[in-house]
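S.K.: pasting the structure only:
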């Protein structure tokens, strides 16, 4: 993959290495090694082919598509791949520069990335996102100045809002209150999924009933509230199995399962593989 330039802003050294945008014409990676990313990532594909596996799920690389990859997710591309488009990466410390009004969009996109890992774009949406990427790339490559980070954060805000709307995450048919509660649920799950696996616990924290939360998730995402919790648990279990040598017993307790047996049964039900069989699939691992 082409090496991205690094944003270097004297006013705030904490922003260094926390944001990049690049145009790509070639392979995403030169081999099929697994990569666990430390940034949130958007990959806009205008033309391309190949496959990408994200947290063990395979997706075809096709023209006019967008990949949303959250920090900590694991992905690899097959060696026969080609991508024309743009790659945008940003870290949490850079996101803190973004206006707070965009936080809900970012939370919906990246706290539940597996629910919309790949989006197929129409021509108008592709053109809008491409235009934004070009604008951000020009700003990113411009000479550094005092408020450059603020300008890029503002563009990032626009990008989050555009992508969230493209994916119909901000449903017009739902009230502002419902949207707000749904986004709060996603944020809670992303923070608390290791501590509790029960929908009722999240409903209590949100001040609504179990049934209200279940209905809300169906309307907002077409998914069960429990599926969102399980998705977080499975994704993190896969990462721990791939990227650590921790015994299955230890992983089960990290994820707050009562027993290793309970964890193994859950994992097999969700993936159709035992934890040990899943781990045995991975030989080459790159970070």
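M.R.: Alright, I've got the coordinates. Given the structure is predicted, the values throughout are model-derived calculations rather than measurements. Numbering: from 1, shown residues only.
S.K.: who's in contact with the spatially most central residue of the chain?
M.R.: For the chain, residue 70 is the residue whose C-alpha lies nearest the centre (Cα atoms, centre = their mean; 2.4 Å). Residue 70 makes contacts with 40-41, 110-111, 113, as judged by Cβ atoms under 8 Å, 6 or more residues apart in numbering. No exception for glycine: its C-beta is placed from N, CA and C like everyone else's.
S.K.: do residue 216 as well
M.R.: Residue 216 touches 178, 181-182, 185, 208, 225, counting by Cβ under 8 Å, 6+ apart.
S.K.: quick check: which of those residues has the minimum pLDDT.
M.R.: Within the contacts of residue 216, residue 178 has the lowest pLDDT, namely 76.
S.K.: surely that one is in contact with residue 221?
M.R.: No - using Cβ atoms under 8 Å, residue 178 makes no contact with residue 221, being 11.7 Å away.
S.K.: surely residue 194 and residue 255 touch.
M.R.: Yes - Residue 194 is in contact with residue 255 according to Cβ under 8 Å; the separation is 5.8 Å.
S.K.: identify the contacts common to the two.
M.R.: residue 236.
S.K.: of the two, which one has the most company?
M.R.: residue 255 (20 against 12; other Cβ atoms under 10 Å).
S.K.: next up, phi/psi of that one, please.
M.R.: Dihedral pair for residue 255: phi -90, psi 10, per degrees, to the nearest 10.
S.K.: state the distance from it to residue 54.
M.R.: 20 Å (Cβ to Cβ, to the nearest Å).
S.K.: now residue 273
M.R.: 17 Å.
S.K.: these two: which is more packed in?
M.R.: Neighbours were counted for residue 273 and for residue 54 using other Cβ under 10 Å; residue 54 has more, 22 against 16.
S.K.: right, and the more buried one touches residue 77 too?
M.R.: No - Residue 54 is beyond contact range of residue 77, at 9.9 Å (criterion: Cβ under 8 Å).
S.K.: the stretch 101-250 of the chain: helices as residue ranges?
M.R.: Listed in chain order, the helices of the stretch 101-250 of the chain (DSSP state H, counting those that start in this stretch) span 103-111, 123-141, 148-166, 176-192, 199-206, 210-221, 225-243, 248-254.
S.K.: quick check: closest non-adjacent residue to the residue nearest to the centre of the chain.
M.R.: Closest residue in space to residue 70, ignoring its immediate chain neighbours: residue 113 at 3.9 Å, by Cβ to Cβ, 6 or more residues apart in numbering.
S.K.: repeat for residue 142
M.R.: residue 148 (7.4 Å).
S.K.: cool, and residue 63?
M.R.: residue 47 (5.0 Å).
S.K.: so residue 76 sits in a strand?
M.R.: Yes - with DSSP: H, G, I helix; E, B strand; the rest coil as the criterion, residue 76 is part of a strand.
S.K.: count the neighbours of it for me.
M.R.: Neighbour number of residue 76 under other Cβ under 10 Å is 22.
S.K.: could you tell me the least trusted of the helices of the stretch 101-250 of the chain?
M.R.: helix 103-111 (a mean of 73).
S.K.: elements contacting that helix?
M.R.: Here helix 103-111 touches helix 148-166, helix 176-192, going by 3 or more Cβ pairs under 8 Å, 6 or more residues apart in numbering; DSSP states H and E.
S.K.: now the ones you listed as a markdown table including mean neighbour count?
M.R.: Listed next are those as a markdown table, based on neighbours: other Cβ atoms under 10 Å:
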| stretch | mean neighbour count |
| --- | --- |
| helix 148-166 | 20 |
| helix 176-192 | 17 |
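S.K.: residue 245: which of the ones you listed is closest?
M.R.: helix 176-192 (25.6 Å; Cβ to Cβ).
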